[in-house]
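A.B. asks: need the 3D shape of this:
(chains A and B)
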Number of protein chains: 2
Amino acid sequence: MSSTYTQLKDHLTKISHLNHLRRITEWDEAVMMPAGSGEARATALATLSEMIHDMETSEKIKDLIQHAKTESLIDPWEKRNLYLIERNYRRSTCVPARLIAEFTKASSLCEQAWRQLRAENNWKDFLPLLKKSFSLIVEISQSKADALQCDPYDALIDEFSPGFNQAIIDPIFARLKKELPDRVEKIISLQQKEKFLTPQGPFAIDSQRQLGLELMQALGFNFQQGRLDVSHHPFCGGVQEDVRITTRYNENEFISAAMGICHETGHARYEQALPIQWSGQPVGDHLGMAVHESQSLLVEMYACRTREFMEFLSPRVIHFFGDQASLTPDNLYLLYTRVKRGYIRVDADEVTYPLHVILRYELEQQLFKKELTLEDLPDAWNEKMQSYFHLSTVDNYKNGVMQDVHWPVGCFGYFPAYTLGSLIAAQLFSTVTKAHPELFSEIKHGNFSTLFKWLNTHIHSRASSVDVNTLIKDATGSDLDPNYYLAHIDERY
Amino acid sequence: MSSTYTQLKDHLTKISHLNHLRRITEWDEAVMMPAGSGEARATALATLSEMIHDMETSEKIKDLIQHAKTESLIDPWEKRNLYLIERNYRRSTCVPARLIAEFTKASSLCEQAWRQLRAENNWKDFLPLLKKSFSLIVEISQSKADALQCDPYDALIDEFSPGFNQAIIDPIFARLKKELPDRVEKIISLQQKEKFLTPQGPFAIDSQRQLGLELMQALGFNFQQGRLDVSHHPFCGGVQEDVRITTRYNENEFISAAMGICHETGHARYEQALPIQWSGQPVGDHLGMAVHESQSLLVEMYACRTREFMEFLSPRVIHFFGDQASLTPDNLYLLYTRVKRGYIRVDADEVTYPLHVILRYELEQQLFKKELTLEDLPDAWNEKMQSYFHLSTVDNYKNGVMQDVHWPVGCFGYFPAYTLGSLIAAQLFSTVTKAHPELFSEIKHGNFSTLFKWLNTHIHSRASSVDVNTLIKDATGSDLDPNYYLAHIDERY
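C.D. replies: Below is the predicted model:
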């Protein structure tokens, strides 16, 4: 007879098999599924989610956890696994299955409609769908808050970025909100004096795709267990044994797609390097979205915006798009480090990006504190855009409040992860480049092996075996500190 | 409180949601999945299959069926649905889970080995694997036969083609076996005098794909709820709300892919036209593989091999591949109606195809009657090939007994469905063209609306609400009769 702990592990492995199928069909929904199949798919996924939820919340697990705690586990990973199993059990049992199923269906319909409605700048028809989905996530956050004895919005943040909450984030974001606007102002005025050339398109989609595949190859993406495709909103999906990243192409410029692919490849490398022997167990999973974003941003914003990376990129770009004066390493570096105030978060540079996140974070805080309604969200958005970026989004829902996929899919409490991720990335990149200064000359040759070896040792292979604070401190010698990011900005610009 | 019958329906709807996800991920496995992800996917799908099996065989269903039978159902569809639920329940519960698991493993190993061994023409190493898998399917057929009170081989046939058994098939196949060989002889000798031109490639894959999409469009495929992709073996997968058909392209000729697409579109139209209000219920499902094949063959072999279809096809083909003398309607018709004796079933024309099926059917019968052992199968195959096709398969296992995927995957009793499908198609096509002679001139213009309107009324919309004999008799006025097929052959050749 196997130990109770082993039975528990087997149960979780089964759940992970169902999650495998869920993630692949979710990828399919975003990348492959024809438009008219949405409702049937949403219904099918709702049933699966409900079953997974039943398995995650079954009394059986509760009993197994209680028994397993009396068994003596020696391996610290096993101990940590049991701790995480119990934490996750507490998280999932606090929300009624009925609510989960309703939410899954409502958010899926909301997302499907959003794809069309965003293109049409149609906030009016989007609002009722968002309200429905939001009211359910509020209910869910309340259930979680009651069970975990915390603030409802904190309960959501913790689910995406375990180890973080408003008490930690508020002072960090306050610091950035204080420091960044002046820097943005200064950098923009400095950059106005810089002369740079704009590459002339069109840039054939197929060549952009080939370039993307080469970048993924250089960054060590494992194509035996993953793919690159196109979707409306780029993401990294699938499972660790089959990582599906996506991008979108624009014939008029190639930089967004190339950068986006580097970003998603950063995510993918983390997934692909998680310890396979712990696949399906919480301890083998990634350590939350802040750390996940740190891996994508470290690749995109730190490693792949260096002057050295441009040495590698320039001949590749010339190969695919023909020689232009704008494609020299120097000019590419200028292009890649442009700072400007813009509407779109995903197109933002590393200096203004945190302000986009802070804007969303503050609005979410207000929504959850009921200081703001969804009806008033576009106005509130516009006010903050005016204040942080001197830009108006009046009647421009498409490039304002409707731009991100997060709210349409009912994903609130996620945005802080991007900026926390960037701060972690800055701290990791500063540490690894101090320990391995040769890394810069390697990057010139498209060689990222030292970087990924270090990341593998200090981040990827550790999966969820420690908490995020320990992870950062072990890797860098200090707690999370926004100074690394600010120093990076000051040095680069 | 809902009725017991409603509870039963809800349970089946849930199962159908899981099957939705299973089918989409199976499609993904064949079309999208990178090679290195196979093991993780197989494991995930095995867990889902086990859960579906548990749900299909749960005691709960048995109790619900018993109760539901005491409720008075008025709608004949509901009555029929309950009947089919009980039939399916009996089918799935009569085989011990242990036996299913053993068979799944043995047949999976046999199939994996077959892919390699067939290429190597290696019957010796294949035989023990086939024996293991076959001995288990014999055991399974025996369990089914005991439960269903029928002959073991009939039990297998009935699962693929409900409503058919050896008593029905034997005289039909005897007739074909008597009539066809002389016709083959005569047609081949007539065709030797015909002069035809072979189109000169290459035929760009992308143009072949565009042509395929146009054919699907003409045939009324609903692209809002379906896709066309590429896979190693063409198939029609997915679910009725999201039908995924596949093909494979060969740059040297375009006819196989074009025909294959018409064939799969025939399957797809049946799926897409099944009554959506019965989705997820047995009564709303297709009526078995013989009827399914009748829909694909009616499109491919009957409607899309007419002289009129070539009038429509010729300018489309010239548009995509440039003008060649070989692409006139007359020459295309000659190409499309070639008859020859060959080794390979899937490459066979409509005249020789039934002989390939009869050969396999007779061998399966002998195997199940224990009049033949697997050791002697290659000799028996060769004898029949000599007799039906004047071809020897001595030492040619690869193009003989090892050519089809069916036996390696443990799929016995399926083959008759192909020829039954063709006979049904002939009978339906004869009926609809007699009632609507304008159909031929419509086809000239790529207009298939009269054809599909008729099929929709008489076949698609009826789903599984009646048995196959009633379906055929209601649609055509008579029982299944091979004379329609023979008359078609005599008329066309």
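
A.B. asks: give me the phi and psi for A:Gly237.
C.D. replies: Backbone torsions for A:Gly237, taken as degrees, to the nearest 10, come to phi -120, psi -160.

A.B. asks: ugh, wrong one, A:Asp285
C.D. replies: Torsion angles, degrees, to the nearest 10, at A:Asp285: phi -80, psi 170.

A.B. asks: not counting sequence-adjacent ones, nearest residue to it?
C.D. replies: A:Ser464 (5.3 Å; CB to CB, 6 or more residues apart in numbering or on different chains). All C-beta atoms are positioned from the backbone trio N, CA, C, and that covers glycine.

A.B. asks: so what's the one you found up against?
C.D. replies: Contacts for A:Ser464 (CB atoms under 8 Å, 6 or more residues apart in numbering or on different chains) come out as A:Arg80, A:Leu84, A:Pro282, A:Val283, A:Gly284, A:Asp285, A:His286, A:Leu287.

A.B. asks: do the same with A:Pro181
C.D. replies: A:Leu355, A:Tyr388.

A.B. asks: for it, give its distance to chain B.
C.D. replies: 45 Å (CB to the nearest CB, to the nearest Å).

A.B. asks: now do that residue, the pLDDT please.
C.D. replies: Reading off the confidence values, A:Pro181 has pLDDT 95.

A.B. asks: helix or strand: which one has it?
C.D. replies: Using DSSP states H and E, A:Pro181 sits within helix A:166-191.

A.B. asks: show me the strands in the stretch 101-250 of chain A, by range?
C.D. replies: Applying DSSP state E, counting those that start in this stretch to the stretch 101-250 of chain A gives strands spanning A:226-230, A:236-239, A:242-247.

A.B. asks: now for the second one, which elements pack on it?
C.D. replies: Using 3 or more CB pairs under 8 Å, 6 or more residues apart in numbering or on different chains; DSSP states H and E, the elements in contact with strand A:236-239 are helix A:4-31, strand A:242-247, helix A:255-273.

A.B. asks: and the very next helix or strand once past the last one, what's its mean pLDDT?
C.D. replies: Yep, that's helix A:255-273 we're talking about. Sequence-wise, the next helix or strand downstream of helix A:255-273 (DSSP H and E) is helix A:289-297. Averaged across helix A:289-297, pLDDT comes to 97.

A.B. asks: in the helix or strand just after helix A:289-297, what's buried?
C.D. replies: Counting by DSSP H and E, the next helix or strand C-terminal to helix A:289-297 is helix A:307-321. By 16 or more other CB atoms under 10 Å in any protein chain shown, the buried positions in helix A:307-321 come out as A:Arg307, A:Glu308, A:Phe309, A:Met310, A:Glu311, A:Phe312, A:Leu313, A:Ser314, A:Arg316, A:Val317, A:Phe320, A:Phe321.

A.B. asks: next one: stretch A:432-450
C.D. replies: Across stretch A:432-450, burial judged by 16+ other CB under 10 Å covers A:Val432, A:Thr433, A:Leu439, A:Glu442, A:Ile443, A:Gly446, A:Asn447, A:Phe448, A:Thr450.

A.B. asks: quick one: the residue nearest the centre of chain A from chain B, how far?
C.D. replies: Residue closest to the average C-alpha location in chain A (CA atoms, centre = their mean): A:Glu293, at 4.8 Å. Going from A:Glu293 to chain B by CB to the nearest CB gives 25 Å.

A.B. asks: show me the residues around that residue that make contact.
C.D. replies: Shown in contact with A:Glu293 (CB under 8 Å, 6+ apart): A:Ala417, A:Tyr418, A:Leu420, A:Gly421, A:Ser422, A:Ile424, A:Ala425.
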